[in-house]
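predicted model, plus sequence, below.
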Amino acid sequence: MRTNVTLEEALALLLDECPQTQSIHVPILDSLGGVLAEDIVSDINIPPFDRSPLDGYALRSVDSQGASPDQPIELDVIDYVPAGSVSEKCVKDYQAVRIMTGAKIPLGADVVIRQEEVENVGEKILIKAPMSTMENISRVGEDIHVNQMVIKAGTVIEPAEIGLMATLGKSYVSVYMKPRVAILSTGDELLEIQQPLQDGKIRNSNSYTIAAQVKKTGGKALMLGVCGDDIESISEKLRAGLGIADIVITTGGVSVGDKDLVKESFMNAGAEMLFWKVRMKPGTPIAVARLGKKLLIGLSGNPAAAFITFEQFVRPLVLKMMGREKHRLMNVETILENDFSKVSNQNRFVRGTTVYRDGSFYTKFPGKHSSGVLSSLSGNNSLFYVPAGTGPYEKGQKVSIQLLDQPEVKS
Ligand SMILES: Nc1nc2c(c(=O)[nH]1)N[C@H]1C(S)=C(S)[C@@H](COP(=O)(O)OP(=O)(O)OC[C@H]3O[C@@H](n4cnc5c(N)ncnc54)[C@H](O)[C@@H]3O)O[C@H]1N2
Ligand code: MOO
């Protein structure tokens, strides 16, 4: 088993092991945030017919030649066509059809004049300027044409893609399944959240934080609950998790204590250890094992360590499994709003809150940094990576920061 691996090695080892999930057909609205597993090619033109982009009159451009405010040209209005209807008439010499936005251009007409530009005289209109052919006409297929590749497999589905599928008459679509991530919290000190506190015990928060992170990333979280520090009980829960999930995440029990039994439990469940311990703080003792195509990831029990190692390792893994090509966190340049004076021989991730103001990003650090502190994670949207031996960093200094979420825009 490899140990004390670098961040890059740990991520590479995980991503190398990562199988893509199978594709599944879902109603288009359920595909939001998923990755398309098929090419979407159009079998129709959009718009399907020449149509009016205006409320006005459809006419023949030749009839408008020579028109001016002093010498307007008079046309007979022979029909009315609202959107959704089709005129049965053909526009002939010095005729026009009243037309609404979205309606099909009647035969014979090759331009549309907006209604504000004409003068109405009974059943007739006066036009006061010449028009060029095809003016104010949305052409058939100008948006999408037959056989056009509209959305490529691998595209992340956003609201616009859902609208495109709808316009093409596609009600179901093939996407990669959400990776299923089972979550188990280990520790004799853990109570379920409904239970009253007892001396020496705490409530299990990690399962909930991690399940929320899984959901936010696009995976499906499956709760395995809480388990005491006992190899047989942990192994039994792991087997149950492996039966229903692509990845099993545990928290707690990965350090060097007498009751740190997760690695042994991974092996007891039949898995092969890939690595233990990454050169980073917090979250050093992360343990990763493989059983067939499934991965077992043991995160530290410390809430902030579990949160941060999830973002560094599990988030990219889940994204890659669901077919996302871009799974790295975005780095931006930010201006520090406090000092960070700690210099240590360990690589470190420091939680921070980043905002966007007057064209720049600004980052504040909370007062409490310990990996056991959960409260100061609230409101954080970024992580400052401090390589070993660097610093101190000072207020006003420009540094690079990882964004976990879009920053608030302040004015
Ligand atoms: N002698 C040493 N002790 C420790 C070392 C070391 O190198 N030598 N490493 C420390 C570091 S760094 C970390 S990180 C922790 C990791 O320990 P474990 O992953 O084994 O986690 P636990 O000891 O089980 O728990 C740590 C902490 O977190 C609380 N916890 C656990 N599960 C939950 C949960 N589901 N919800 C909320 N809080 C939880 C637990 O009660 C502990 O307080 O080890 C250091 N020790
Ligand atoms: O690696 Mo630990 O999470 O710093 O206390």
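Sure thing, it's come through. Ligands and ions are numbered 1, 2, ... in the order given.

which residues are in contact with the nearest residue to Pro282 once chain neighbours are set aside?
The shortest distance from Pro282 to any residue other than its chain neighbours is 3.2 Å, reached at Ser371 (Cβ to Cβ, 6 or more residues apart in numbering). In short, each C-beta sits where N, CA and C put it, glycine included. Counting by Cβ atoms under 8 Å, 6 or more residues apart in numbering, Ser371 touches Lys281, Pro282, Gly283, Ser300, Asn302, Pro303, Ala304, Ala305.

what helix or strand is Ser371 on?
Ser371 belongs to no helix or strand when elements are defined using DSSP states H and E.

list phi and psi for it.
Here the main-chain torsion angles of Ser371 (degrees, to the nearest 10) amount to phi -70, psi -10.

where does it land on pLDDT?
Model confidence at Ser371, given as pLDDT, is 94.

so it versus Ser68, what's the distance?
Computed as Cβ to Cβ, to the nearest Å, the Ser371 to Ser68 distance reads 80 Å.

any idea how far Tyr208 is from ligand 1?
Per Cβ to the nearest ligand atom, to the nearest Å, Tyr208 is found 8 Å from ligand 1.

sec struct for that residue, please.
Put simply, Tyr208 is helix when judged by DSSP: H, G, I helix; E, B strand; the rest coil.

and for the one 5 residues further on?
Using three-state DSSP, the three-state assignment for Gln213 comes out as helix.

wait, isn't it in contact with Val314?
Yes - Gln213 is in contact with Val314 according to Cβ atoms under 8 Å; the separation is 7.4 Å.

neighbour count winner among these two?
Each of Gln213 and Val314 had its neighbours counted (other Cβ atoms under 10 Å), and the higher figure belongs to Val314 (25 against 22).

a strand runs through that one, doesn't it?
No - secondary structure assignment (three-state DSSP) places Val314 in helix, not in a strand.

could you pull out the buried residues of stretch 230-248?
Residues of stretch 230-248 classed as buried under the neighbour-count rule (16 or more other Cβ atoms under 10 Å) are Ile234, Ser235, Lys237, Leu238, Ala240, Gly241, Leu242, Ala245, Asp246, Ile247, Val248.

same deal with stretch 32-42?
Counting neighbours by 16+ other Cβ under 10 Å, one finds that the buried residues in stretch 32-42 are Gly34, Val35, Leu36, Ala37, Ile40, Ser42.

need the nearest residue in space to the third one, chain neighbours excluded.
Read that as Leu36. Distance criterion Cβ to Cβ, 6+ apart; nearest residue to Leu36, sequence neighbours excluded, is Thr155 at 4.8 Å.

looking at it, Leu184 is touching Lys237, isn't it?
Yes - under the contact definition of Cβ under 8 Å, Leu184 touches Lys237, with a separation of 5.1 Å.

quick one: common contacting residues for the two?
For the pair Leu184 and Lys237, residues contacting each of them under the criterion Cβ under 8 Å, 6+ apart are Leu224, Gly225, Cys227.

show me where the stretch 151-300 of the chain has strands.
For the stretch 151-300 of the chain, the strands defined by DSSP state E, counting those that start in this stretch occupy 172-176, 180-186, 190-191, 202-203, 220-227, 247-251, 272-278, 287-291, 294-299.

with distance to ligand 1 added, can I get those in TSV?
Listed next are these as TSV, based on distance: least, Cβ to the nearest ligand atom, whole Å:
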stretch	distance to ligand 1
strand 172-176	30
strand 180-186	3
strand 190-191	5
strand 202-203	6
strand 220-227	7
strand 247-251	5
strand 272-278	9
strand 287-291	9
strand 294-299	7
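
now distance to Gly359 and mean pLDDT too, for those, in a markdown table please.
Putting the strands of the stretch 151-300 of the chain into a markdown table (distance: least, Cβ to Cβ, whole Å; pLDDT from 0 to 100) gives the following:
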| stretch | distance to Gly359 | mean pLDDT |
| --- | --- | --- |
| strand 172-176 | 37 | 98 |
| strand 180-186 | 38 | 98 |
| strand 190-191 | 46 | 98 |
| strand 202-203 | 43 | 98 |
| strand 220-227 | 38 | 98 |
| strand 247-251 | 39 | 98 |
| strand 272-278 | 36 | 97 |
| strand 287-291 | 41 | 97 |
| strand 294-299 | 37 | 98 |
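
let me see the domain layout of the chain.
The record assigns the chain these domain ranges, following automatic domain parsing: 2-22+177-321, 24-46+142-176, 56-127, 330-410.

list, one by one, the residues from the protein near ligand 2.
Remark: the part of the chain in contact with ligand 2 comprises Lys281, Pro282, Gly283, Thr284, Ser300, Asn302, Ala305, Ser371, using Cβ under 6 Å from any ligand atom.

which of the residues you listed fall in helices?
Using DSSP state H, the subset of the residues of the chain next to ligand 2 located in helices is Ala305.

ramachandran angles for the closest residue to ligand 1 within the stretch 1-150 of the chain?
Scanning the stretch 1-150 of the chain for the residue nearest ligand 1 gives Asn4, at 11.4 Å (criterion: Cβ to the nearest ligand atom). Asn4 has phi and psi values of phi 50, psi 50 when expressed as degrees, to the nearest 10.

and it, how many neighbours?
By other Cβ under 10 Å, the residues close to Asn4 number 11.

can you pull the contacts of the nearest residue to it once chain neighbours are set aside?
Distances taken as Cβ to Cβ, 6+ apart place Lys277 nearest to Asn4, at 5.1 Å, with adjacent residues excluded. Listed by Cβ under 8 Å, 6+ apart, the contact partners of Lys277 are Thr3, Asn4, Val5, Thr284, Pro285, Ile286, Ala287.
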